[in-house]
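Undergrad: Dropping a prediction and its sequence here:
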Amino acid sequence: MKIIQRPVFLLLGSNTGNRSYQIKKAIKLLELQLGPVVAESSLYETEPWGVETQQEPYLNKAIRFDSGKKAEELLQICLDVEKEMGRIRNRQNEPRKIDIDILMAGDEIIDTEGLKIPHPRMNFRNFALIPLMEIAAELIHPIEKKSIEDLYFECGDRLEVIRKDE
C-alpha cells in the first residue's frame, strides 16, 4: 500500500529562555520523525495572546513537512518533542519553552476530543496566519474554503506581529 504524502503545516512558538534556539531544536527533532522541512517562515515576535498575567513575547515560525503519517501520529510526535524539550502542561496559555500546533494537514478535517485539524483558532490569530501566509498564502482552509491570505485580511486580531532576523 502506497502512503499518500500531503502537506502538513505546524506552528512552533516559544516565550521562555533562548526562544530562537528552542524553535531550531524542535525543528531538528521533528525532522528526525517527519523528514526534511519543505518550507519555513521567518521568525515572528508577538505579545502573548489571550493571557491575563505578564509574559515575555513569543517567537513563532510556521513550517511545512510532506508526510503520510496519520493525524494522530503527527499529534503524538509533536507532543513527544514538546515533552523531550521539557514542556510541562499545567494550565492553558501559560509561558512555554516550546509549543507545537498542527495548523493543517492536507485537506483533512478532524474534530475529536483530543485533536482538531485545521487548528480551530488559527483564523483568529495573526501570529499563526502571518507566518503561514509567508509560506502558503494560497493554501485553502478546508472548512472556511478561503485562502490563508483571505483569512488574514478578514482577521480581527490587532496584536502586532513583527518579523525578526534569525
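TA: Structure received.
Undergrad: where are the low-confidence patches of the protein?
TA: Low-confidence segments of the chain (pLDDT under 70): 1-3, 50-53, 90-94, 166.
Undergrad: Which residue ranges of this structure form helices?
TA: Ranges of helices within the chain are 19-34, 71-84, 126-136, 148-154, based on DSSP state H.
Undergrad: hey, which of the ones you listed is tucked in deepest?
TA: Most buried of the helices of the chain, by mean neighbour count (mean count of other Cβ atoms under 10 Å): helix 126-136, with a mean of 23. C-beta coordinates here come from the backbone N, C-alpha and C atoms, glycine included.
Undergrad: give the contact list for the residue lying closest to Glu56 once chain neighbours are set aside.
TA: Spatial nearest neighbour of Glu56, excluding adjacent residues (Cβ to Cβ, 6 or more residues apart in numbering): Asn15 at 4.7 Å. The contact partners of Asn15, by Cβ atoms under 8 Å, 6 or more residues apart in numbering, come to 48, 55-59, 95-96.
Undergrad: so how far is Glu149 from the residue nearest to Gly114 when sequence neighbours are not counted?
TA: Take Gly114 and drop its neighbours on the chain: the residue closest to it by Cβ to Cβ, 6+ apart is Leu75, 7.3 Å away. Remark: distance between Leu75 and Glu149 (Cβ to Cβ, to the nearest Å) = 27 Å.
Undergrad: again with Ile4
TA: 26 Å.
Undergrad: Next: Gly13.
TA: As judged by Cβ to Cβ, Gly13 and Glu149 stand 21 Å apart.
Undergrad: partners of the residue nearest to Leu132 when sequence neighbours are not counted in the sheet?
TA: Leaving aside its sequence neighbours, Leu132 sits nearest to Ala62 (Cβ to Cβ, 6+ apart; 4.5 Å). With DSSP bridges as the criterion, Ala62 is bridged to Leu11.
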